[in-house]
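**Student:** what would the 3D arrangement of this be:
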Amino acid sequence: MPFVKALPQNSNPVFSDIDGYISVPESTNKLTLRFLGYHDTIIDLKIAGIDTICLEPKAQILQEVVVKPGENRAHRIINEAIARKKENHPLRNDAFTYESYSKFVFDPNDAFKEQLKVAKEDDSLRKKVSNFVENQHLFLIESASERKFIPPAKDREDITAYRVSGLNLPIFSTFAQSTQSFHFYDDEIALSGKKYISPLSSGATRRYLFQLEDTTFVGSDTTFTISYRPQKGKSFDGLEGLLYITTNGFAVEKVIAEPYSDSESPTHTKIVQEYTLVDGKKWFPNKLSTEINFRIAEGSSGGNENIQGIGHTYIENVQLNPEGLRKRGFGNVSISTNIGAENTAESVWEEKRIAPISEKEKSTYQKLDSLAKEHDLDRMAKGFLALTTGKFRIKPVNICLDRLLDFNRYEGLRLGVGLETSDLVLKNATIGGYFAYGIRDKDWKYGGYTSYFFNRRKGLELTARYQQDLLHRGGYDFTPQSGALLTNSTLQDLFRSYMERQRLAELKLSYSPLGNLHLHVAGNYQRIEFMSPYEFVFEQDPENGIAHLDVAETSLEIQWNIREKVMLLGSQVFSEGTKFPRVTVKVAKGWKGIGRASLDYIRMNLNVQQTLLSKRWGGISWAVTGGQTFGEVPLYLKQVVIGTRQDWNVEVLNTFQTAFPGEFYHDRQAALFFKYTFPRIHTKANWNEPQFALYHGLGVGDFATPNQHTFEFETMHRGFTETGLILNNMFTSDFYGIGLGGFYRYGAYSNSDWRKNIVPKITLSFIF
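**Tutor:** The predicted model follows:
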């Protein structure tokens, strides 16, 4: 147990550390132990053989707290701590470096172990599991890292060594860092990926109930022990636990925290943090502990049968403002796993570990490594991780999941197969192909491609492809940044109604010099066949419509996710997101006279979007899109307004919800989308967390020569406007939420019958 107050006889009080160890003078004969929720315990240290002390919990009945008039002493202390957050914040004011060691162990909890022990004689599987967990752990992870930081935002942590029982995957190397926030000073605290409002956030005394539980005099300073939990009637994602605030700077000295009333969640996380005063200047985290319970079932005895993960991180060799630390070499990589870190020698591990590895831990590595090798678990796990890129690996072949099934308004249901070589065949290259068939247009599509990776960590890749497929009339497709199966662009594709047939041969070079900056340079040759009833007419030959033509095109695309942090785990890059805007710009140039190419044009497209989220005030998302085409070109090279109107279909972000697909085309256009989402309303039902949102969209554009196109469309030269009211998460689970939205088209392009301006839609949100 961490932070148990120890009162030695004839000596100053001390606290147990994060691992439950207590150090007292050798002259101490008697020791009184005290902790909230447990009986005081007096220990006679003269009795030989005492190395573990058990405390007896009190049988507590929590009663309603009555707040009486007058100042709450705990509020004064908490307000002082909040007022000094900036000077005590570990990631402000001072540069630093440190080294850390982490270990995470997973086992059945005590209730689960007891159920395994009393298994029936004929239950051979349970008996095997019981024998297994007696001799080794279920899972074991170790890692060591070095971190350097220069305020305000130069931050990098390098995983120098890691070891995972049975699996040799760098994705596990950062597990310890992902379980909790590094410190307790931000307004939101992360526990196992979910964020909670901190008891040290601004205005916390209006949300949380604080009680001063104990006062301990430590030399010339005082440590206040304060319990906290959300006030009755307050609805927010809050925490409960204990804060230990020292009068030395009113800094956090220790903290215990866990989610308040998350009994329905499949996981429960509890964290402990301990801080030390470095160089007499700054309180800095030096020990972090995490306990994660994965709820499986309720045992016959009434206790929950859980898998329990317990991890500790020890921070050492902290140096504040070290000499020689320079800003060069940081980039935007927040965490990087060094190449070869999984092959660290045992002699190096012995130096990095806080305590020698136990016999049970040695057995865990030996047994699980042997089982993994026997059943090729490492290769299976790598195949499973390929799903994060939208691919399913079956030995030498990857199945491209996004090619199996698709839908849009033009093709209807699109069925297909996409296959490519996996990294088991070629480490630095990929060869693939696909074919598909549209049920509605009754046409086959196919293509093939090959890619060579010069440097996966830098995204330096050369791709050649050939395909006979469709392209969106007037649409613009930016290069996807992830292999996720369900993205906003995927939902936009559902509403594609007007297409052209395209035969394309292309060569593309991609490069990511900064991780958050992606460059794509491409050159292609296309043969376009317009789908009836559309034809294009050149001004110099107005009598003859054209149904097909050739195009030679080069393009430059720049994707810049401002101040985005990424993780480099082996050769894979994972985004940590950004609260700053994401900017994408693409410029394409058509070259007349190359081959049979007959078009000379410049086409530009811009997309800027940003999302800001907060547990306290909700979320704001906005996007600006724009495009312009210079030159005499058919409609597919102009600019289409992305309209997604269809009653009781799905809401698609950053599109016009009340504009029909293909309703508006322009030479140049611009659009603004804004959405404000209120904080969630917590209810007693675990399937319902309603969340209101307000939406508005505005667009404008013009078209100079509509008579060159045998197709009817409108332009937004008078300004298009729409608004909406959304109720998200009417039905919710741990993975998704379903709600309803109503959108209204008003202004210059509204219908005289107000009912025809209303578009009801279903809203979807996913939690990964």
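
**Student:** low-confidence regions, the stretch 651-768 of the chain specifically.
**Tutor:** Applying pLDDT under 70 to the stretch 651-768 of the chain flags the ranges 767-768.

**Student:** tally of neighbours for residue 248?
**Tutor:** Residue 248 has 16 neighbouring residues, counting by other C-beta atoms under 10 Å. C-beta here means a position set from N, CA and C on the backbone, and glycine is covered the same way.

**Student:** next, the contact list for it, please.
**Tutor:** Counting by C-beta atoms under 8 Å, 6 or more residues apart in numbering, residue 248 touches 221, 277, 283.

**Student:** got a winner among these for most neighbours?
**Tutor:** The most neighbours of any of those, using other C-beta under 10 Å, belong to residue 283, which has 19 neighbours.

**Student:** and residue 143, what helix or strand is that in?
**Tutor:** Following DSSP states H and E, one finds residue 143 within strand 139-150.

**Student:** so in that sheet, which strands flank that strand, and in what orientation?
**Tutor:** According to DSSP bridges, strand 139-150 forms sheet pairs with strand 96-108 (antiparallel), strand 154-164 (antiparallel).

**Student:** nearest to residue 709, out of these?
**Tutor:** Minimum separation from residue 709 across the strands paired with strand 139-150 (C-beta to C-beta) falls at strand 154-164, 52.7 Å.

**Student:** from the chain's centre, how far out does the helix or strand just after that closest one sit?
**Tutor:** The helix or strand immediately downstream of strand 154-164 is helix 175-178, counting by DSSP H and E. The chain centroid and the centroid of helix 175-178 are separated by 13 Å under C-alpha atoms, centre = their mean, to the nearest Å.

**Student:** residue 722 versus the closest residue to residue 656 other than its chain neighbours, what's the distance?
**Tutor:** In this structure, residue 656 finds its nearest non-sequential neighbour in residue 643, 4.9 Å apart by C-beta to C-beta, 6 or more residues apart in numbering. Separation of residue 643 from residue 722 (C-beta to C-beta, to the nearest Å) stands at 10 Å.

**Student:** okay, and the common contacts of these two?
**Tutor:** Common contact partners of residue 643 and residue 722 (C-beta under 8 Å, 6+ apart): 656, 658-659.

**Student:** tell me the contacts of the residue most central in space within the chain?
**Tutor:** Central residue of the chain (C-alpha atoms, centre = their mean): residue 576, 6.0 Å from the mean position. Counting by C-beta under 8 Å, 6+ apart, residue 576 makes contact with 334, 564-567.

**Student:** can I get these in a markdown table including secondary structure and distance to residue 464?
**Tutor:** Listed next are the contacts of residue 576 as a markdown table, based on DSSP: H, G, I helix; E, B strand; the rest coil; distance: C-beta to C-beta, whole Å:
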| residue | secondary structure | distance to residue 464 |
| --- | --- | --- |
| 334 | strand | 34 |
| 564 | coil | 29 |
| 565 | coil | 32 |
| 566 | strand | 27 |
| 567 | strand | 30 |
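
**Student:** out of those residues, which is nearest to residue 608?
**Tutor:** Comparing these against residue 608 with C-beta to C-beta places residue 564 closest, at 14.0 Å.

**Student:** the closest one: neighbour count?
**Tutor:** 19.

**Student:** who are the contact partners of it?
**Tutor:** By C-beta under 8 Å, 6+ apart, the neighbours of residue 564 are 332, 515-516, 575-578, 580, 582.

**Student:** in PyMOL, select just the buried ones from the residues you listed.
**Tutor:** Buried members of the contacts of residue 564, defined by 16 or more other C-beta atoms under 10 Å, are picked up in PyMOL with:
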select buried, resi 332+515+516+578+582
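
**Student:** just the ones in strands from the contacts of residue 564, please.
**Tutor:** 575, 582 (DSSP state E).

**Student:** and the contacts of residue 564 as JSON lines, adding pLDDT and distance to residue 602?
**Tutor:** Formatted as JSON lines, these follow (pLDDT from 0 to 100; distance: C-beta to C-beta, whole Å):
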{"residue": "332", "pLDDT": "83", "distance to residue 602": "31"}
{"residue": "515", "pLDDT": "77", "distance to residue 602": "30"}
{"residue": "516", "pLDDT": "88", "distance to residue 602": "27"}
{"residue": "575", "pLDDT": "85", "distance to residue 602": "31"}
{"residue": "576", "pLDDT": "86", "distance to residue 602": "36"}
{"residue": "577", "pLDDT": "85", "distance to residue 602": "33"}
{"residue": "578", "pLDDT": "90", "distance to residue 602": "30"}
{"residue": "580", "pLDDT": "94", "distance to residue 602": "29"}
{"residue": "582", "pLDDT": "96", "distance to residue 602": "24"}
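
**Student:** quick one: mean pLDDT over the strand holding residue 143.
**Tutor:** Computed over strand 139-150, the mean pLDDT rounds to 96.

**Student:** same question for that strand: list its buried residues.
**Tutor:** Neighbour-count burial for strand 139-150, with 16+ other C-beta under 10 Å as criterion, is recorded at 139-145, 147-150.

**Student:** that older thread, quick one, which of the strands paired with strand 139-150 is nearest to residue 689?
**Tutor:** The nearest among those, by C-beta to C-beta, is strand 96-108 at 29.8 Å.

**Student:** off-centre distance for that closest one?
**Tutor:** 21 Å.

**Student:** I'd like the next helix or strand past that strand.
**Tutor:** Following strand 96-108 in sequence order, the next helix or strand is helix 110-117 (DSSP H and E).

**Student:** report the inter-axis angle for the next helix or strand after that next one versus strand 96-108.
**Tutor:** Next along the chain after helix 110-117, taking DSSP H and E as the criterion, comes helix 124-135. When axes from the mean of the first three to the mean of the last three C-alpha atoms, to 10 degrees is applied, the directions of helix 124-135 and strand 96-108 differ by 140 degrees.

**Student:** what's the angle between helix 124-135 and helix 110-117?
**Tutor:** Counting by the same axes, to 10 degrees, helix 124-135 lies at 130 degrees to helix 110-117.

**Student:** helix 124-135 - contacts with which helices or strands?
**Tutor:** Secondary-structure packing of helix 124-135 (3 or more C-beta pairs under 8 Å, 6 or more residues apart in numbering; DSSP states H and E): helix 110-117, helix 359-375.

**Student:** least reliable of those by average pLDDT, please.
**Tutor:** For these, mean pLDDT drops lowest on helix 110-117, to a mean of 76.

**Student:** what packs against that one?
**Tutor:** By 3+ C-beta pairs under 8 Å, 6+ apart, helix 110-117 packs against helix 124-135, strand 304-320.

**Student:** please identify the most buried of these.
**Tutor:** strand 304-320 (a mean of 18; mean count of other C-beta atoms under 10 Å).

**Student:** can you show me the CA trace of it as CSV?
**Tutor:** Written as CSV, here are the backbone C-alpha positions of strand 304-320 (Å, rounded to 0.1, in the frame of the first residue of the first chain):
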residue,chain,number,x,y,z
ASN,A,304,-15.2,-10.4,-9.7
GLU,A,305,-12.9,-12.7,-11.6
ASN,A,306,-10.5,-10.2,-13.2
ILE,A,307,-7.2,-10.1,-15.0
GLN,A,308,-5.1,-7.6,-13.1
GLY,A,309,-2.2,-5.7,-14.5
ILE,A,310,0.2,-3.9,-12.0
GLY,A,311,2.9,-1.7,-13.3
HIS,A,312,5.6,0.6,-11.9
THR,A,313,7.7,3.2,-13.5
TYR,A,314,10.8,4.5,-11.7
ILE,A,315,12.4,7.8,-12.8
GLU,A,316,16.0,8.4,-12.0
ASN,A,317,18.9,10.7,-12.8
VAL,A,318,16.7,13.7,-13.1
GLN,A,319,18.7,16.8,-14.2
LEU,A,320,17.1,20.2,-14.4
